[in-house]
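>>> let me see the structure of the following:
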Amino acid sequence: MLCRSIWLLSLFAAIGVGCTGAGPEVALDADVAAHSEGIVFVERVSDGSGARVHVGGRFFRSQGVRVESLPELVGAPPSAAVTGCTERASMGEGADPTQAEVQLLDVGAIDARAEALVARMSPHRLPDLWNVVSGVVYGLDGELPASAWQFTGAGDPVTQRGAFDVSGAPPDPIADLRLGDDALPLPGGQAVALPRRGGLSLRWARGASSDRVAVVFEGAGTLSCGARDDGTFDLDGHQVDRVRELLRQGGTISVHRLRVIPFAMAGINRASLVFDQVVRVRAE
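Coordinates of the predicted model:
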């Protein structure tokens, strides 16, 4: 059982967290009050070269950062916005980065169970490379099942924070996903080409009405769009022009089927177990 530190570092790089001291691109808001949140997640990623399962946990206290920006910032699955698209904003002129702080919390060891697997996730410190995010992360390595999971935390006996018990099952993987005429993911991890003009259409086999879909275009910036899991997602020509600009030097398109299960956690304002079924392709 090892922390997915290399995966986490690459994920932070992918979401625009630099190591130059300038800090990540964060949506700042001085009016946002202190907020604490816990996210335990099971992520299954299919990219045309096989499927991989990642399991992790992020428990954090934040201030000065918009709540909707937090999952991406700490390396958790995207938020399950209902509809519409949001482009991640960079630090605006006059914004003071010292207003933003995200502290990843140590809540003690977490026991994880799935099928025959019984494992323990221990906190592992994140290298102090960024001036906005610091603290510890949780993760599991190895061949992991993509089935129902149970997570139990005894909590930190000193702070009385972090006790919880939650279980749940993932939604079905995304099936029959197509971008225009292309079935995704392409074999061997090949890159998909965006339409040269006009709009963009994604189609898939619809899922449960309670699940949500997020479509994330990530390149020079990130455009995240929410959709219902009804099998259809469309962008008009103006929106696709922006996507082409973001992906001009290459990037990725990720389609996430998200199942969010709220649970109570001692000392934390809000907590959820998130199952994330992802299809990710390179774009050019």
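>>> can you give me the helices for the protein?
Ranges of helices within the chain are 5-14, 70-74, 237-246, based on DSSP state H.
>>> need the least confident one among the ones you listed, by mean pLDDT.
Looking over the helices of the chain, mean pLDDT reaches its minimum on helix 5-14, with a mean of 38.
>>> alpha carbons of stretch 209-219, as CSV, please.
As requested, C-alpha coordinates have been extracted for stretch 209-219 and formatted as CSV (Å, rounded to 0.1, in the frame of the first residue of the first chain):
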residue,chain,number,x,y,z
SER,A,209,-30.8,10.0,-13.5
SER,A,210,-29.1,10.6,-10.1
ASP,A,211,-25.6,10.5,-11.5
ARG,A,212,-24.0,13.5,-13.2
VAL,A,213,-21.5,13.9,-16.1
ALA,A,214,-18.6,16.3,-16.3
VAL,A,215,-16.8,17.0,-19.6
VAL,A,216,-13.3,18.5,-19.1
PHE,A,217,-11.2,20.0,-21.8
GLU,A,218,-7.7,20.6,-20.5
GLY,A,219,-4.8,22.2,-22.3
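>>> what mean pLDDT does that stretch have?
Predicted confidence along stretch 209-219 averages 94 (mean pLDDT).
>>> any chance you could map the strands in the stretch 151-284 of the chain?
Remark: strands assigned in the stretch 151-284 of the chain by DSSP state E, counting those that start in this stretch are 164-168, 178-179, 182-183, 200-203, 212-218, 222-228, 232-235, 251-263, 270-283.
>>> which one of the ones you listed lies nearest to Pro77?
Using CB to CB as the measure, strand 270-283 is the one of the strands of the stretch 151-284 of the chain that comes nearest Pro77, at 4.0 Å. In short, each C-beta sits where N, CA and C put it, glycine included.
>>> how about the closest one: buried residues?
For strand 270-283, burial by neighbour count (16 or more other CB atoms under 10 Å) applies to 271-283.
>>> ok, the residues you listed vs Asp47, which is closest?
Nearest to Asp47 among the buried residues of strand 270-283 is Arg280, at 4.8 Å by CB to CB.
>>> how far away is that closest one from Ile253?
7 Å (CB to CB, to the nearest Å).
>>> next one: Gly188
From Gly188 across to Ile253, the span is 16 Å (CB to CB).
>>> can I get the strands of the stretch 151-284 of the chain in TSV including distance to Val102?
Below are these laid out as TSV (distance: least, CB to CB, whole Å):
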stretch	distance to Val102
strand 164-168	20
strand 178-179	33
strand 182-183	37
strand 200-203	31
strand 212-218	20
strand 222-228	17
strand 232-235	30
strand 251-263	20
strand 270-283	15
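>>> so which of the ones you listed comes closest to Leu105?
Each of the strands of the stretch 151-284 of the chain was scored for nearness to Leu105 using CB to CB, and the closest is strand 270-283 (11.6 Å).
>>> just how off-centre is the closest one within its chain?
Using CA atoms, centre = their mean, to the nearest Å, the distance from the centre of strand 270-283 to the centre of the chain it belongs to is 6 Å.
>>> got a list of what the closest residue in space to Arg257 that isn't next to it in sequence touches?
Nearest residue to Arg257 in three dimensions, chain neighbours excluded: Gln277, at 4.2 Å (CB to CB, 6 or more residues apart in numbering). The contact partners of Gln277, by CB atoms under 8 Å, 6 or more residues apart in numbering, come to 44, 170-174, 256-258.
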